[in-house]
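Engineer: Fold the following, please.
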Amino acid sequence: MILLHSLETLDADVRGGALTIGNFDGVHRGHAAIIERLKAQSAKVGGPAVVFTFDPHPVRLLRPEAAPPPLTWTDRKAELLAELGVDAVIAYPTDRALLALTAAEFFQRIVRDALAARAVVEGPNFYFGRDRQGNTETLRQFCQDADVALDIVTPIVAGESFISSSRIRDCVARGDVDEARRLLTRPYRIRGLVTHGARRGNTIGFPTANIAAVDTLLPGEGVYAGRAYVDEAVIPAAINIGPNPTFSEQQLKVEAHLLDYSGSLYGRTLEVDFLARLRDTRPFASVDALVQQLQHDVGETRVIAANAT
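Structural biologist: Numbers count the residues shown, from 1 in each chain. Presented below is the predicted three-dimensional model:
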């Protein structure tokens, strides 16, 4: 899979295929349905399956105060889309010039001139062009005039509502990573820089990696079963998000105890998946009581991680 950040001098293996345009934040099951149709259309036209996405989300430029916290960073998004089988991802640097294009200009410059798309695949809530002036009906007319196939994909329903990035944000924000995992194509993941902490975990037999500078949405406060990625190893991890009330600390922290791991991670970027929520954070009457609970958390984490896909 090719990851590009520009439309300049595109090779022939990125042009003349099937194209989908969108934010694809989180890469959920609804997105997966679009990618399946994209691959089918690319096979029909005999060209690549290409995703055009925005970096950052356009709302961050237009209305930064209303911008939703992202669920994925760009490289992770491209990785997830690659797993679904796309041939190329264009993470276009969003700027005012791009956002100023009318719907007609966007279609001509991006869809026709730059990518020479012969098929376009979108969901029904697709908008494009300045002030979101273009919709699927506009797109249908443009495609018809340009002899470009158009495939509009019906949204995927899970439970009583459609799968969407905003729905998943709600799940993650309240700590329901179990539901988020059901809606996403992969478990929810964060990344951050491992920094020095109070080192209390070391003194009670549960050393933790303190994860700072997380650039995506944090799950709500709680204790979670997960897994961490260190070099080529995948390591079960019990993760705490929140303060440490047993030691009278109120600062919110992200701490991951990597099971059976003893190496130093300071100064490194660590990626962590959230597999299941174990419990709320709460104060304990004594350090011994805390240790007993942590032992239980580690046991649960070990079982959940061993059975996770």
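Engineer: Show me which positions of the strand or helix carrying A237 end up buried.
Structural biologist: Counting by DSSP states H and E, the element that carries A237 is strand 233-244. For strand 233-244, the neighbour count (16 or more other C-beta atoms under 10 Å) marks 235-244 as buried. For glycine as for every other residue, the C-beta is placed from the backbone atoms N, C-alpha and C.
Engineer: which two in those are spaced the farthest apart?
Structural biologist: I235 and P243 (24.9 Å; C-beta to C-beta).
Engineer: give me the number of residues near E8?
Structural biologist: The number of residues packed near E8 is 7, by other C-beta atoms under 10 Å.
Engineer: Make 13 the first number, not 1, from now on.
Structural biologist: Yes, from this point I'll number from 13; that puts the last item at E20.
Engineer: Distance-wise, check A128 relative to D159.
Structural biologist: 12 Å (C-beta to C-beta, to the nearest Å).
Engineer: My error: substitute A221 in the last question.
Structural biologist: 55 Å.
Engineer: likewise T86?
Structural biologist: Counting by C-beta to C-beta - T86 and D159 are separated by 33 Å.
Engineer: any low-confidence regions in the protein?
Structural biologist: For the chain, the stretches with pLDDT under 70 are 210-213, 257-260, 262.
Engineer: Could I get the buried residue list for the longest helix seen in it?
Structural biologist: Criterion DSSP state H: the longest helix present in the chain is helix 299-319. Applying a neighbour-count criterion of 16+ other C-beta under 10 Å, the buried positions in helix 299-319 are 302, 305-306, 309-310, 312-313, 316-317.
Engineer: Any chance you could list what contacts stretch 81-89?
Structural biologist: 15, 36-39, 65, 67-69, 92, 101, 103, 177, 180-181, 184, 200-201, 203, 227-229 (C-beta atoms under 8 Å, 6 or more residues apart in numbering).
Engineer: before we move on, the earlier item: CSV for the buried residues of strand 245-256, including distance to R291?
Structural biologist: Conversion of these to CSV gives the following (distance: C-beta to C-beta, whole Å):
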residue, distance to R291
I247, 21
P248, 17
A249, 15
A250, 11
I251, 12
N252, 10
I253, 12
G254, 11
P255, 15
N256, 15
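Engineer: List just the nearest of those residues to F119.
Structural biologist: For these, the nearest to F119 is I253 (43.1 Å; C-beta to C-beta).
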